[in-house]
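Engineer: build me a structure from this.
(one chain, ligands or ions: 3)
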Amino acid sequence: MRVFVLFVFLLLNARVVFSSQYVVLVSFDGFRWDYLERGLTPNLNRFANEGVRAISLQPVFPSGTFPNHCSIVTGLYPENHGIIGNNFRNPFDGTIYTIRDSNAVTDPRWYLGEAIWETARRQGLVTASFFWPSSELKLDWRHPNIFMKYDPRIPYKTRIDSVVSWLSLPFDKRPRFVTLYFEETDNRGHSFGPNSPQTDTAIMICDEIFGYLLEKIQSLPIKDSINIIVVSDHGMTELSKDKIINISEILKNVGVKVYSYGYLAFVNGVVDSVEKAFRILKQNENHFKVYRRSEMPKFYNFSNNPFIGDLVIIPEFGWSLSTDINDYVYRVKGNHGYDNYWMDMHGIFIAGGSSFKKGYRVGTIRNIDVYPLICRILNIMPRGNIDGKLENIEYILK
Ligand code: AMP
Ligand code: ZN
Ligand code: ZN
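Structural biologist: Ligands and ions are numbered 1, 2, ... in the order given. As a prediction, this is how the structure comes out:
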């Protein structure tokens, strides 16, 4: 009897050890879907051809960095996970969320969703992150077991070496879910535009670093259990200095506050002023559209959150909104944040490893479906009431 119990015990443990799948989630910030077509990315293309490659990964609106990284790890639209932009204001108490302030970025009160590392940790898995927007919350159970304070100066190879060392830890300490983040393509895309030689260089740097990651992972004893998912948060589009609309100019003397992000603007104020602003904007609705928050078109899924402006202004593709001549949009050559149905805003999705089909090309995937996908691979129960749906994406698994 005792021998039998011991045998069953060993068998169960062996199953736990050998059937465990690992997921390494890699983000190349601002890597547009069609950058893979430039003939600059042999490593990424080879990996894509051997595994799953979607035509594109559709971001959520607004197609910015923090809203999208949060949607990828929560399966929620920004109106539900709470990070509606890289910076925004709580109109009730005047506090400001901005990614430039590490106090705000690490304050758990802004983050309403449950990230995959929280889901996984609740169910006993170890998780780790070498950068991911929203991975540094100041509450024990809300960050990955291992996480790093964001510092863009840390070399890409150092990030990968750390991740590989974590994947070499003893079983009980080894993370089953790990993230990596690289900012190269976003930085160059903004400064020089998506069609510049500098952006081509950034694309090549990403590909080279991805080759390094693959090579390092190949040296691990658990290599056959590691699934790699490569995503980007959004794409990038070329800006033009003669496609800039000054919203403050249109609304001067109306007595409202205008917050412009270039690809989006909010108008806030007392009801009468806001209505007046709405009428004036409607009369001048040229190269942009204005909506009351409650009347935003459903397809944006950007309405049900009180931190969204009373009015929302969305420019035409490639046009920028501004409040004055010193705005960011006058200084950059590329931007994103626009309509998430526009292909210029779409990112990449490629995946490989034993959980995925081989040589499988598919259409556009929505980034909110990535959370339930990863839960499936890790064999954990996703959080209820999410916006993403496993059935939209499950077909890419074996
Ligand atoms: P944006 O292009 O404005 O949407 O934001 C991209 C910028 O976000 C990049 O240049 C990064 O430097 C910055 N960023 C990325 N991850 C983090 C993070 N975890 N904390 C703070 N800033 C970050
Ligand atoms: Zn980004
Ligand atoms: Zn950017």
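
Engineer: pick out the residue of the stretch 201-350 of the chain closest to ligand 2.
Structural biologist: D233 (4.2 Å; Cβ to the ion). Every residue, glycine included, has its C-beta placed from N, CA and C.

Engineer: go on, the chain?
Structural biologist: T65 (3.1 Å).

Engineer: now for the residue nearest to that residue when sequence neighbours are not counted: which residues touch it?
Structural biologist: What sits nearest to T65 in space, not counting adjacent residues and going by Cβ to Cβ, 6 or more residues apart in numbering, is D233, at 5.4 Å. Going by Cβ atoms under 8 Å, 6 or more residues apart in numbering, D233 touches S27, D29, G30, P59, S63, G64, T65, N68, H69, I72, G347, N367.

Engineer: need those residues in JSON lines (columns: secondary structure, neighbour count and pLDDT).
Structural biologist: Formatted as JSON lines, the contacts of D233 follow (DSSP: H, G, I helix; E, B strand; the rest coil; neighbours: other Cβ atoms under 10 Å; pLDDT from 0 to 100):
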{"residue": "S27", "secondary structure": "strand", "neighbour count": "27", "pLDDT": "99"}
{"residue": "D29", "secondary structure": "coil", "neighbour count": "25", "pLDDT": "99"}
{"residue": "G30", "secondary structure": "coil", "neighbour count": "29", "pLDDT": "98"}
{"residue": "P59", "secondary structure": "coil", "neighbour count": "31", "pLDDT": "99"}
{"residue": "S63", "secondary structure": "coil", "neighbour count": "30", "pLDDT": "98"}
{"residue": "G64", "secondary structure": "coil", "neighbour count": "28", "pLDDT": "98"}
{"residue": "T65", "secondary structure": "helix", "neighbour count": "23", "pLDDT": "98"}
{"residue": "N68", "secondary structure": "helix", "neighbour count": "32", "pLDDT": "98"}
{"residue": "H69", "secondary structure": "helix", "neighbour count": "25", "pLDDT": "98"}
{"residue": "I72", "secondary structure": "helix", "neighbour count": "32", "pLDDT": "99"}
{"residue": "G347", "secondary structure": "strand", "neighbour count": "31", "pLDDT": "99"}
{"residue": "N367", "secondary structure": "helix", "neighbour count": "26", "pLDDT": "98"}
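
Engineer: ligand 1: which of the residues you listed is nearest?
Structural biologist: Taking Cβ to the nearest ligand atom as the measure, ligand 1 lies nearest T65 of these, at 3.2 Å.

Engineer: wait, that closest one sits on G85?
Structural biologist: No. T65 is not in contact with G85 according to Cβ atoms under 8 Å; the separation is 9.6 Å.

Engineer: now Y181, what's its secondary structure?
Structural biologist: Secondary structure, DSSP: H, G, I helix; E, B strand; the rest coil: Y181 is strand.

Engineer: need the contact list for it.
Structural biologist: V26, S27, D29, H69, F130, F131, W132, P133, R159.

Engineer: what does P152 give?
Structural biologist: Counting by Cβ under 8 Å, 6+ apart, P152 touches E183.

Engineer: double-check that it belongs to a strand.
Structural biologist: No. Secondary structure of P152 (three-state DSSP): coil, not part of a strand.

Engineer: circling back: ok, which of the contacts of Y181 also contact ligand 2?
Structural biologist: Contacts with ligand 2 within these, as defined by Cβ under 5 Å from the ion: D29.

Engineer: tabulate the contacts of Y181 (CSV), appending distance to T41.
Structural biologist: Formatted as CSV, these follow (distance: Cβ to Cβ, whole Å):
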residue, distance to T41
V26, 13
S27, 16
D29, 16
H69, 22
F130, 21
F131, 21
W132, 22
P133, 24
R159, 19
